[in-house]
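**Q** Any chance you can model this:
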Amino acid sequence: MKRGRPVNPLVTIRNWIEDARKEIRCAGRASRGQKFINPKTRFEGIGEDAKTLGVNRSHLYLVLTGQRSSQSLKRRYQQLKETA
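**A** Numbers count the residues shown, from 1 in each chain. Sure thing, here's the model as predicted:
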(Lines give C-alpha, C1' and ligand atoms only; values in the text may rest on other atoms or scores of the structure.)
Protein backbone atom coordinates (compact mmCIF):
# COMPACT_ATOMS: atom_id res chain seq x y z
CA MET A 1 0.00 0.00 0.00
CA LYS A 2 1.26 3.47 -0.85
CA ARG A 3 2.12 5.65 2.11
CA GLY A 4 2.38 9.02 0.38
CA ARG A 5 0.36 12.10 1.22
CA PRO A 6 -3.25 10.95 1.62
CA VAL A 7 -5.89 12.61 -0.48
CA ASN A 8 -8.62 11.94 2.02
CA PRO A 9 -8.36 12.06 5.85
CA LEU A 10 -10.22 8.73 5.96
CA VAL A 11 -7.23 7.15 4.25
CA THR A 12 -5.07 8.20 7.20
CA ILE A 13 -7.53 6.62 9.62
CA ARG A 14 -7.66 3.44 7.53
CA ASN A 15 -3.86 3.24 7.51
CA TRP A 16 -3.76 3.72 11.28
CA ILE A 17 -6.31 0.95 11.79
CA GLU A 18 -4.39 -1.44 9.51
CA ASP A 19 -1.16 -0.71 11.38
CA ALA A 20 -2.86 -1.32 14.73
CA ARG A 21 -4.30 -4.64 13.50
CA LYS A 22 -0.87 -5.72 12.26
CA GLU A 23 0.68 -4.93 15.65
CA ILE A 24 -2.02 -6.95 17.40
CA ARG A 25 -1.45 -9.94 15.09
CA CYS A 26 2.30 -9.77 15.58
CA ALA A 27 1.94 -9.49 19.35
CA GLY A 28 -0.03 -12.73 19.38
CA ARG A 29 2.76 -14.54 17.55
CA ALA A 30 5.27 -13.83 20.31
CA SER A 31 3.29 -15.82 22.86
CA ARG A 32 2.62 -18.91 20.71
CA GLY A 33 5.07 -20.95 22.74
CA GLN A 34 2.70 -20.89 25.70
CA LYS A 35 0.08 -23.61 25.99
CA PHE A 36 -3.52 -22.43 26.00
CA ILE A 37 -5.28 -23.44 29.20
CA ASN A 38 -9.03 -23.63 29.01
CA PRO A 39 -10.58 -22.34 32.23
CA LYS A 40 -13.56 -24.70 31.78
CA THR A 41 -11.40 -27.85 31.94
CA ARG A 42 -12.66 -30.07 34.75
CA PHE A 43 -10.26 -33.01 34.54
CA GLU A 44 -6.91 -32.02 33.06
CA GLY A 45 -5.15 -34.81 31.17
CA ILE A 46 -8.20 -37.08 31.22
CA GLY A 47 -7.43 -38.47 27.75
CA GLU A 48 -3.96 -39.66 28.71
CA ASP A 49 -5.25 -40.99 32.03
CA ALA A 50 -7.99 -42.94 30.27
CA LYS A 51 -5.45 -44.44 27.88
CA THR A 52 -3.27 -45.46 30.83
CA LEU A 53 -6.24 -47.06 32.59
CA GLY A 54 -7.35 -48.86 29.41
CA VAL A 55 -10.76 -47.19 29.03
CA ASN A 56 -12.32 -44.59 26.75
CA ARG A 57 -12.03 -40.94 27.71
CA SER A 58 -15.81 -40.53 27.57
CA HIS A 59 -16.35 -43.51 29.90
CA LEU A 60 -13.86 -42.14 32.42
CA TYR A 61 -15.51 -38.70 32.25
CA LEU A 62 -18.97 -40.20 32.86
CA VAL A 63 -17.66 -42.16 35.84
CA LEU A 64 -15.93 -39.13 37.36
CA THR A 65 -19.02 -36.94 36.97
CA GLY A 66 -21.26 -39.59 38.54
CA GLN A 67 -23.32 -40.38 35.44
CA ARG A 68 -22.03 -43.97 35.49
CA SER A 69 -20.94 -46.08 38.41
CA SER A 70 -17.65 -47.94 38.48
CA GLN A 71 -16.02 -48.11 41.88
CA SER A 72 -12.96 -49.97 40.60
CA LEU A 73 -12.30 -47.37 37.89
CA LYS A 74 -12.66 -44.54 40.42
CA ARG A 75 -10.23 -46.30 42.75
CA ARG A 76 -7.68 -46.91 39.97
CA TYR A 77 -8.02 -43.26 38.83
CA GLN A 78 -7.40 -42.00 42.37
CA GLN A 79 -4.33 -44.22 42.68
CA LEU A 80 -3.05 -42.93 39.35
CA LYS A 81 -3.48 -39.31 40.44
CA GLU A 82 -1.81 -39.91 43.81
CA THR A 83 1.30 -41.40 42.21
CA ALA A 84 1.57 -38.57 39.66
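**Q** any idea how far the spatially most central residue of the chain is from residue 69?
**A** For the chain, residue 36 is the residue whose C-alpha lies nearest the centre (C-alpha atoms, centre = their mean; 3.9 Å). According to C-beta to C-beta, to the nearest Å, residue 36 stands 33 Å off from residue 69. All C-beta spots, glycine's among them, are computed from the backbone N, C-alpha and C.
**Q** Where do the helices of the protein begin and end?
**A** 9-30, 46-53, 57-65, 71-83 (DSSP state H).
**Q** Distance to residue 40, mean neighbour count and mean pLDDT for those - can I get that in JSON lines?
**A** Shown next, in JSON lines, are the helices of the chain (distance: least, C-beta to C-beta, whole Å; neighbours: other C-beta atoms under 10 Å; pLDDT from 0 to 100):
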{"stretch": "helix 9-30", "distance to residue 40": "21", "mean neighbour count": "10", "mean pLDDT": "78"}
{"stretch": "helix 46-53", "distance to residue 40": "13", "mean neighbour count": "15", "mean pLDDT": "95"}
{"stretch": "helix 57-65", "distance to residue 40": "13", "mean neighbour count": "16", "mean pLDDT": "95"}
{"stretch": "helix 71-83", "distance to residue 40": "20", "mean neighbour count": "12", "mean pLDDT": "95"}
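**Q** re earlier: look at the residue nearest to the centre of the chain and report its pLDDT.
**A** pLDDT recorded at residue 36 is 70.
**Q** same deal with residue 31?
**A** In the prediction, the pLDDT value recorded for residue 31 is 59.
**Q** Make residue 1 into 287 and carry on from there
**A** All set: I'll call the first residue 287, so the last point we hit is now residue 317.
**Q** Hmm, residue 332 is touching residue 349, no?
**A** No - with contact defined as C-beta atoms under 8 Å, residue 332 and residue 349 do not form a contacting pair (10.6 Å).
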